[in-house]
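Student: Have a look; sequence and predicted model below, questions after that.
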2 protein chains.
Amino acid sequence: MAIVAFYSEVYEPLAWRQALLECDPELNFQVWGEFIAPKDVDVLLAWRPPDGMLKTLPNLKLLQCLGAGFDQLRGRSDLDGGFQIARIVDDDQTAGMVEYALAGVLDFHRQLYLYRDQADRSAWKEWPRSSASQREVGLLGMGTMGAAIARALVTLGFSVRGLSRTRGSIDGVRWFGADDIGAFADGLDMAICVLSLNKANTGILDRRFFERMRRGAAVINIGRGAHLVETDLLAALDSGQLAWARLDVMAPEPLPAISPLWRHPRIEITPHIATSLLPHAVARAIVENIHRVRAGLPPVGAVSRSQLAL
Amino acid sequence: MAIVAFYSEVYEPLAWRQALLECDPELNFQVWGEFIAPKDVDVLLAWRPPDGMLKTLPNLKLLQCLGAGFDQLRGRSDLDGGFQIARIVDDDQTAGMVEYALAGVLDFHRQLYLYRDQADRSAWKEWPRSSASQREVGLLGMGTMGAAIARALVTLGFSVRGLSRTRGSIDGVRWFGADDIGAFADGLDMAICVLSLNKANTGILDRRFFERMRRGAAVINIGRGAHLVETDLLAALDSGQLAWARLDVMAPEPLPAISPLWRHPRIEITPHIATSLLPHAVARAIVENIHRVRAGLPPVGAVSRSQLAL
């Protein structure tokens, strides 16, 4: 009987087993390391399987990524099998990104990072407040997640800009094309990066970008670590051009304990938790993909080899 | 010519002068301490004028409070003049409360306070995430501000309860009457107090309330300091019944530097900044109230002496 194998360095297998078996009690779900017949594995559920693992599965039909991104698969040596690759974008996962982005925007907008700092000195002092409408917030990336964040920010009254290769339309959002990044950055109070990583946007959050933002601006990175030029961020914070950064993604991860980012007083680090898949939220979609590839159909959320080459 | 006098320990008079004169260039706006003829003052703009000040103004027609609350006026000795009292509730001020409440809910919901704590030790570790729908958030107080916060939380997918003397209706909100506070508190993950202070609700956030919440719950206080029993909060945090609190209001304010609240690792203090009046947002409403009382009309937002006696 065909095996659905599960490999993850972060997710708890028991919760996934339970959620998937609730959708299909017949599934032969096995955790990597516990099962014994690689040739029987036709589906692998994983986020970042070790390079080479896929070559050990001769009858693999589907690599189902446990997440929305797929850049973590770039450059590996074992993608030339006949299997399909699929990613998941679900509403709950998008909601996680919206929550994380809003938490960061509100923390900066309401200067809570300053109040935390002065509370350490038992200081009771009020700083001037701005209206949300006075804040220019720019989203780098307007896919499913960027658009959802933009909508939430518009609802709260922020002035919102979106940077995107393809032009869309959301009430209250000003769109900028990739060529127009200078105008997009001009006078921004906050920049939120939710881009997928590719060669063209590696290092997009750099000195030139920061210098066009308003003095004392903030950066939130929930794209990928490589979108940000760390040394440029540190220089901009130290000069006062930027006032604050919250970073959820690093290059590499985990962020090494010796990194100066950990100890910078104006940088807050979270360990890639902006969002994650909750098993109960995505089990049905994954089980459907398993049934689809076993019936010879393409999976939902298919990622092509050419997308991986960008 | 009648004088509009301005007294505030927190607001910057120049910004108010400018915003009010833009609405009516004829206003004789004078900052307390700079003008010389108390008998000419017919309007006082203030939040918490020193007790006795009102008796020095024999021709006062209006005490215009610079805020939505009025409990700060209770118990003073100089309210028996013939003047009217008015408060202001405006959309921008309400938006400030919504922003502050959301920032706190999201910080707790996404465990950012835990991530800040472990980042101090350069620790990269992910904690399990919950969906907003799994979080029960209770609002104590469902007036203009409580209702606006409730709506914002429902939009983000939280499970929301409201405690209120008068029953209203907001999609997705479960209402509880004041008699039903036990059922309201049962199993709450977060309690947000936005009540006006009166004798009946003083100390409403106490041991009994905390014990009915879910273990590891959080409290956000943006009502008044006296709503919270400080010793009960400290005991609940130390026992683990509560995991976190963010407090914007204290009794007394400013919070004394020797208070144990400042240094508790699970308490975050802000100096009564959840919201504030922005001059440009309320100048027109204040100027209209000045014109109304000078024309013998009641002010908008009038507060009666009997409300002050509650």
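Tutor: That came through, no problem. Every value quoted in this text rests on a predicted model; they were computed, and no experiment measured them.
Student: contacts, neighbours, all on C-alpha from now
Tutor: Will do.
Student: Output the one helix or strand in chain A whose mean pLDDT sits lowest as CSV, nothing but the C-alphas.
Tutor: Ranked by mean pLDDT, DSSP states H and E, the weakest helix or strand in chain A is helix A:305-308, scoring a mean of 89. Output of helix A:305-308 as CSV, limited to C-alpha atoms (Å, rounded to 0.1, in the frame of the first residue of the first chain):
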residue,chain,number,x,y,z
ARG,A,305,10.3,23.4,-12.8
SER,A,306,10.6,26.6,-14.8
GLN,A,307,9.2,28.6,-11.9
LEU,A,308,11.9,27.0,-9.7
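Student: So which elements touch it?
Tutor: Here helix A:305-308 touches no other helix or strand, going by 3 or more CA pairs under 8 Å, 6 or more residues apart in numbering or on different chains; DSSP states H and E.
Student: Around chain B, pick out the residues from chain A.
Tutor: Residues of chain A found near chain B (CA under 8 Å from any CA of the partner chain) are A:10, A:92, A:95-96, A:99-100, A:102-103, A:106-107, A:110, A:112, A:115-116, A:119-120, A:122-126, A:129-131, A:156, A:254-255, A:257, A:262-263, A:268-273, A:276, A:278.
Student: quick one on the thing from earlier: need the contact partners of the least confident helix or strand of chain A.
Tutor: For helix A:305-308, the surrounding residues in contact (CA atoms under 8 Å, 6 or more residues apart in numbering or on different chains) are A:Phe70, A:Asp71, A:Leu73, A:Arg74.
Student: just how off-centre is that helix within its chain?
Tutor: 19 Å (CA atoms, centre = their mean, to the nearest Å).
Student: can you check stretch A:170-189 too?
Tutor: Relative to its chain's centre, stretch A:170-189 lies at 20 Å (CA atoms, centre = their mean).
Student: buried ones in it?
Tutor: By neighbour count on 16 or more other CA atoms under 10 Å in any protein chain shown, the buried set for stretch A:170-189 is A:172-176, A:178, A:181, A:184-189.
Student: likewise stretch A:288-296?
Tutor: A:Asn289, A:Ile290, A:Val293, A:Arg294.
Student: wait, what's in contact with the nearest residue to A:Ala251 once chain neighbours are set aside?
Tutor: Spatial nearest neighbour of A:Ala251, excluding adjacent residues (CA to CA, 6 or more residues apart in numbering or on different chains): A:Gly225 at 4.6 Å. Residues near A:Gly225 by CA under 8 Å, 6+ apart: A:Val249, A:Met250, A:Ala251, A:Pro252.
Student: Neighbour count and distance to B:Pro49 for those - can I get that in TSV?
Tutor: TSV is the format used below for those (neighbours: other CA atoms under 10 Å in any protein chain shown; distance: CA to CA, whole Å):
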residue	neighbour count	distance to B:Pro49
A:Val249	24	50
A:Met250	23	52
A:Ala251	14	55
A:Pro252	10	57
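Student: As TSV, the residues you listed with secondary structure and pLDDT would be great.
Tutor: As requested, the contacts of A:Gly225 are arranged in TSV below (DSSP: H, G, I helix; E, B strand; the rest coil; pLDDT from 0 to 100):
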residue	secondary structure	pLDDT
A:Val249	coil	97
A:Met250	coil	97
A:Ala251	coil	95
A:Pro252	coil	94
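Student: quick check, nearest of the residues you listed to A:Cys65?
Tutor: Among the contacts of A:Gly225, A:Val249 lies closest to A:Cys65 (CA to CA), at 18.1 Å.
Student: pLDDT below threshold where in chain A?
Tutor: Chain A contains no residues with pLDDT under 70.
Student: and the residues of chain A next to chain B, which of them are in helices?
Tutor: Using DSSP state H, the subset of the residues of chain A next to chain B located in helices is A:92, A:95-96, A:99-100, A:102-103, A:106-107, A:112, A:115-116, A:119, A:262-263.
Student: Tell me the one among the residues you listed nearest to B:Ala37.
Tutor: Checking those one by one against B:Ala37 (CA to CA), the nearest turns out to be A:Tyr115, at 39.9 Å.
Student: out of everything not next to it in sequence, what's closest to that closest one?
Tutor: Nearest residue to A:Tyr115, sequence neighbours excluded (CA to CA, 6+ apart): B:Thr270, at 6.0 Å.
Student: I'd say the one you found and B:Asp248 touch.
Tutor: Yes: B:Thr270 is within contact range of B:Asp248, at 4.7 Å (criterion: CA atoms under 8 Å).
Student: Which one's more surrounded, these two?
Tutor: Comparing B:Thr270 with B:Asp248 by other CA atoms under 10 Å in any protein chain shown, the one with more neighbours is B:Thr270, at 24 against 21.
Student: Setting aside sequence neighbours, what's the nearest residue to A:Val31?
Tutor: The shortest distance from A:Val31 to any non-neighbouring residue, by CA to CA, 6+ apart, is to A:Phe6 (4.8 Å).
Student: check contacts around that neighbour.
Tutor: A:Pro13, A:Phe29, A:Gln30, A:Val31, A:Trp32, A:Leu44, A:Leu45, A:Ala46.
Student: May I have the beta-bridge partners of it?
Tutor: Going by DSSP bridges, A:Phe6 is paired in beta bridges with A:Val31, A:Leu45.
Student: any idea which element A:Arg161 lies in?
Tutor: strand A:159-163 (DSSP states H and E).
Student: State the paired neighbours of the helix or strand following that strand in the sheet, together with their directions.
Tutor: On the C-terminal side of strand A:159-163, the nearest following helix or strand under DSSP H and E is strand A:173-176. Next to strand A:173-176 in the sheet, as set by DSSP bridges, lie strand A:159-163 (parallel).
Student: Let me know how buried the closest residue to A:Ile269 other than its chain neighbours is, in neighbour terms.
Tutor: Nearest non-adjacent residue to A:Ile269, counting by CA to CA, 6+ apart: A:Leu247, 5.1 Å away. By other CA under 10 Å, the residues close to A:Leu247 number 25.
Student: Number of residues surrounding A:Leu233?
Tutor: Neighbours of A:Leu233 (other CA under 10 Å): 22.
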